[in-house]
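A.B. asks: The following comprises the amino acid sequence and a computationally predicted model.
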There are 2 protein chains.
Amino acid sequence: MADNKKNVEAITSRDEDFAKWYTDIVKNADLIDYSGVKGCMIIRPYGYALWENIQSGLDGMFKETGHCNVYMPMFIPESLLNKEKEHVEGFAPEVAWVTHGGSEELTERLCVRPTSETLFCDHYKNIIKSYRDLPKLYNQWCSVVRWEKTTRPFLRSREFLWQEGHTMHATAEEAHEETIKMLGVYADFCKNYLAMPVIKGRKTDKEKFAGATATYSIEALMHDGKSLQAGTSHDFGDGFAKAFEIQYLDKENKLQFCHQTSWGVSTRIIGAIIMVHGDDNGLVMPPRIAPTQLVIVPIAQHKEGVLEKAAALKESLKSKFRVEFDDSDNSAGWKFAQHEMRGIPLRLEIGPKDIEKNQCVLVRRDNGEKLFVSLDNLENEIAALLDKMHDEMYTRASERMESMTYDATTLDELCEKGEASNGFFRAMWCGSRECEDMIKEKADMTSRNMPFDATPNGDKCVCCGKPADKLVYWGKAY
Amino acid sequence: MADNKKNVEAITSRDEDFAKWYTDIVKNADLIDYSGVKGCMIIRPYGYALWENIQSGLDGMFKETGHCNVYMPMFIPESLLNKEKEHVEGFAPEVAWVTHGGSEELTERLCVRPTSETLFCDHYKNIIKSYRDLPKLYNQWCSVVRWEKTTRPFLRSREFLWQEGHTMHATAEEAHEETIKMLGVYADFCKNYLAMPVIKGRKTDKEKFAGATATYSIEALMHDGKSLQAGTSHDFGDGFAKAFEIQYLDKENKLQFCHQTSWGVSTRIIGAIIMVHGDDNGLVMPPRIAPTQLVIVPIAQHKEGVLEKAAALKESLKSKFRVEFDDSDNSAGWKFAQHEMRGIPLRLEIGPKDIEKNQCVLVRRDNGEKLFVSLDNLENEIAALLDKMHDEMYTRASERMESMTYDATTLDELCEKGEASNGFFRAMWCGSRECEDMIKEKADMTSRNMPFDATPNGDKCVCCGKPADKLVYWGKAY
């Protein structure tokens, strides 16, 4: 197993240097390569297949809830970006500007979309005339650009892939309902596809999206106790509609402003998958979105009949699972380490002795458990095992999140607990920006969100001691 | 049927003004909307659903032939674009340049990718070391930008969606095989999904891609007799590999240059679908990629039981076909015209009398044929009808293409026939650039391609009369 060791040593230990462990996995699990443009990554076949599975799961949920896909231009004229004041202030400092087409200078600069609210508004203004045209439930899959100073693969890159939903509604209530519904879709997706528990809640005004009346987020806890905002859903009220004059005739033939939402999930969520489930042997892929769910490794493959039997297994399983068959001439140990690095949920080993016994060995990536399984019932066993792994991965992540969630009722306690450990810190807040800023300064934490249906752990602000009815999850964030 | 008329009048007749007919359909069939950025279009839900079906068909064929998807950055540093001389000369005049990130000027300009050969080369250089790493069969779905002066929706836009395959091979033979194979995939896709006949052949050197050693194309004939290049496949030989120093160690441990291909199909092909199949009532969608294959229109829907029966039909059909149910309060005539405009292959009408007789009416979009079909065998009838429509649409388009393909053996004949009609013009060519330029000047035609296995119609160049062994399809192109 010397080869095995060599491979595993290639990544830093998770407890030793979490940041380096992360970037080691990103590279060694063949997810990305760096490109010649700082902050722009190349998503390699294995990483892109993961994104395709995430897309397919989310897109199915969007379509089931009545949304359809469109495609907007990637360029936004400067004057269009400027139409909503808060929005342009939030984004202008970090956009890439196109100034020339061929050898000619453009008469107006175009920014490469950092997000597409303004484009959708411009289009909706054209196509919405009457209450019959509402709601409009559009989404687009595309890449966006934000000129970040510090970049890390998936977590913060200058270009990233995402989906952005943009919807228009007749009333404020409907827009609010949509905002909450899509946050729920994200949370369900994280639970059912990524085995990832998240906290659903509302952002404070300080942390909300530029131009929104309210922003909601799902927050996940990484293995190092830092939190990661894994998706957001924004209620815009009629702010953009007023700036862009998007009006409809209601049933009484009166002009009304539309109410709007937007919501997005990006390739950032791949960073969350790595940091929630990964271990010292590499990535651990949640079974339902794993590009390869099962890898078949023949044992003593030079022996008669082994490769043939392994190939036959692949043929019989490939219509039900995403299967790889590794008949390369690398050693079995090397293969084990390599497929563990890439996080393939199940390894199927089959050698001469197994064939004699009409069985094979299944090895779980998440906990290393080895199972001997009869070939007669293989398909059902694999299906059940993948489901079981999903459930147990979710449970482990939930228990870890719970064990790293702390309560604090005074600023001193918050600072002490935050000093001792990372995690989510539950503390009451009066709602003032001053206290939020003070907590950031003293405890080095930002508000993550105000969870729905959270049980208060007091009635006084953790910072100023004044009456407070908002329970906030605080934490250190990616 | 007054409503019906109103709707149909909204588009220009195809024979009267083909260009205006085309843009009328693009808008009235809800495929696109214009955006605030010249030459950049908004692809609306119906247009995007069409693109999704095209993607899904092609992507399946790519994966079956061993290709996988990746994602490259959208920006190319100027120095990287400059690495291959012919390539940069071909593209630099029409790229969009990013010069600023936020408020800071970039130290090096970045162009928004017009195509990604240079990015793929830069990546392949990093990951290809040995013959074991070959072939690399990558593809990406993305948007690209070319700063065109004159733009038309789908046919020529500043931003468009496409796929670009980029592959690397050990030998020139393998690269050539791949080039031809993927051209075949495109031609099969056009035939089997789009009901569109195409001519497969090699481009002349004048018309080949900037940096390629050979370019192959599929050429389709539009209803007005102009031709449209619907897909291209390029053999790069080792030209880029030498410019980018992409080498591998062969089995004898000797360094060799890789051989490369690229191939692409874009949203342009939607323009071809419109112009091959459309008529004076609007779009005619090929059944296999139609976003909606069947629309159910209840007749006398206020009568008891009609809406219920129509809704029940939708429920029973929706797992097998892409079905729409139009229970809006528009008149039946308005609905007919609207769904014809959008090109939905089959309309299912059901009213009180039909229900009594346990039947419904199916109306074909392509030829207006009306069929009375028993509800007991509906699913099979629809499936058979969609296949039949596909086949007949393909046959009609093929016959039309054949009837508009002309032979010429002298330049005068070529000019006369080209004056009299549009179409494909088959004529022998000696291979000289002078003759190609002369034909363009005199006959106002460009070489489309040199079809595979074409039967020569002479042995002398149509222009100079010298010996010639190349049969060229000439034509007027989009």
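C.D. replies: Ah, there it is. Numbering: from 1, shown residues only, chains lettered A, B, ... in the order given.

A.B. asks: Which stretches in the stretch 151-300 of chain A count as strands?
C.D. replies: A:159-169, A:199-202, A:214-221, A:227-237, A:247-249, A:255-257, A:259-266, A:294-298 (DSSP state E, counting those that start in this stretch).

A.B. asks: Specify the residue ranges that define each domain of chain A.
C.D. replies: Chain A breaks down into these domains under automatic domain parsing: A:17-277, A:294-385, A:405-475.

A.B. asks: Select the longest helix from chain A.
C.D. replies: helix A:378-403 (DSSP state H).

A.B. asks: Which strands and helices lie in contact with it?
C.D. replies: helix A:268-277, helix A:306-317, strand A:346-350, strand A:359-364, strand A:370-374 (3 or more C-beta pairs under 8 Å, 6 or more residues apart in numbering or on different chains; DSSP states H and E). In short, each C-beta sits where N, CA and C put it, glycine included.

A.B. asks: quick one: that helix to strand A:370-374, angle?
C.D. replies: Counting by axes from the mean of the first three to the mean of the last three C-alpha atoms, to 10 degrees, helix A:378-403 lies at 150 degrees to strand A:370-374.

A.B. asks: show me what contacts residue A:398?
C.D. replies: residue A:197 (C-beta atoms under 8 Å, 6 or more residues apart in numbering or on different chains).

A.B. asks: Look up how far chain B lies from it.
C.D. replies: Distance, residue A:398 to chain B, using C-beta to the nearest C-beta, to the nearest Å: 32 Å.

A.B. asks: need the contact list for residue A:375.
C.D. replies: Per C-beta under 8 Å, 6+ apart, neighbours of residue A:375: A:313, A:358, A:359, A:360.

A.B. asks: again, but for residue A:350
C.D. replies: Residues in contact with residue A:350, defined by C-beta under 8 Å, 6+ apart, are A:296, A:297, A:298, A:299, A:306, A:309, A:310, A:313, A:360, A:361.

A.B. asks: which strand residues sit across from it in the sheet?
C.D. replies: residue A:298 (DSSP bridges).

A.B. asks: May I have the predicted confidence score for it?
C.D. replies: pLDDT for residue A:350: 97.

A.B. asks: Over to the one 5 residues further on?
C.D. replies: According to the prediction, residue A:355 has pLDDT 97.

A.B. asks: what's it sitting at in phi/psi?
C.D. replies: Main-chain torsions, residue A:355, degrees, to the nearest 10: phi -60, psi -40.

A.B. asks: what number of residues lie near it?
C.D. replies: Neighbour count for residue A:355, taken as other C-beta atoms under 10 Å in any protein chain shown: 19.

A.B. asks: on that earlier part again, now the contacts of residue A:350: which count as buried?
C.D. replies: A:296, A:297, A:298, A:299, A:306, A:309, A:310, A:313, A:360, A:361 (16 or more other C-beta atoms under 10 Å in any protein chain shown).

A.B. asks: ok, the first one - contacts?
C.D. replies: The contact partners of residue A:296, taken as C-beta under 8 Å, 6+ apart, are A:310, A:313, A:314, A:323, A:324, A:325, A:326, A:348, A:350.

A.B. asks: And for the fourth one?
C.D. replies: When the contact criterion is C-beta under 8 Å, 6+ apart, the partners of residue A:299 are A:306, A:332, A:349, A:350, A:351, A:352, A:354.

A.B. asks: If we only consider the residues you listed, which is nearest to chain B?
C.D. replies: residue A:332 (18.2 Å; C-beta to the nearest C-beta).

A.B. asks: these two touch, right, that closest one and residue A:295?
C.D. replies: No - using C-beta atoms under 8 Å, residue A:332 is not in contact with residue A:295, being 11.8 Å away.

A.B. asks: Please identify which of the two sits among more neighbours.
C.D. replies: The neighbour comparison of residue A:332 against residue A:295 (other C-beta under 10 Å) goes to residue A:295, with 25 against 18.

A.B. asks: And the pLDDT for that one?
C.D. replies: 98.

A.B. asks: Likewise for residue A:5?
C.D. replies: Value for residue A:5, per-residue pLDDT: 44.

A.B. asks: same thing with residue A:91?
C.D. replies: Residue-level pLDDT assigned to residue A:91 equals 89.

A.B. asks: So what does it have for phi and psi?
C.D. replies: Dihedral angles for residue A:91 - degrees, to the nearest 10 - are phi -110, psi -30.

A.B. asks: Can you tell me what sits against stretch A:435-448?
C.D. replies: By C-beta under 8 Å, 6+ apart, stretch A:435-448 touches A:199, A:201, A:203-204, A:206-207, A:217, A:219, A:227, A:229, A:411, A:414-415, A:418, A:424-425, A:427, A:429, A:461-464, A:472-477.

A.B. asks: out of the residues you listed, which are inside helices?
C.D. replies: Per DSSP H, these map to helices at A:411, A:414, A:415, A:418.

A.B. asks: Looking at the contacts of residue A:299, spot the one nearest residue B:123.
C.D. replies: residue A:332 (30.4 Å; C-beta to C-beta).

A.B. asks: so what's the closest one up against?
C.D. replies: A:297, A:299, A:349.

A.B. asks: and which of these is nearest residue B:66?
C.D. replies: residue A:297 (21.3 Å).

A.B. asks: In contact with that closest one, which residues are there?
C.D. replies: So residue A:297 contacts A:310, A:326, A:332, A:335, A:336, A:339, A:347, A:348, A:349, A:350 (C-beta under 8 Å, 6+ apart).

A.B. asks: Distance-wise, check it relative to chain B.
C.D. replies: Counting by C-beta to the nearest C-beta, the gap from residue A:297 to chain B is 18 Å.

A.B. asks: Need the pLDDT of the residue of the stretch 301-450 of chain A found nearest chain B.
C.D. replies: Closest to chain B within the stretch 301-450 of chain A is residue A:328: 8.6 Å, counting by C-beta to the nearest C-beta. On pLDDT, residue A:328 comes in at 94.

A.B. asks: For it, which non-adjacent residue is closest in space?
C.D. replies: For residue A:328, ignoring the flanking residues on the chain, the nearest one in space by C-beta to C-beta, 6 or more residues apart in numbering or on different chains is residue A:335 at 7.3 Å.

A.B. asks: how many neighbours does the residue of the stretch 301-450 of chain A closest to chain B have?
C.D. replies: Neighbour tally, residue A:328, other C-beta under 10 Å: 12.

A.B. asks: Now it: which helix or strand?
C.D. replies: Assigned by DSSP states H and E, residue A:328 belongs to no helix or strand.

A.B. asks: correct me, but it touches residue A:307?
C.D. replies: No - the criterion here is C-beta under 8 Å, and residue A:328 misses it with residue A:307 at 11.4 Å.
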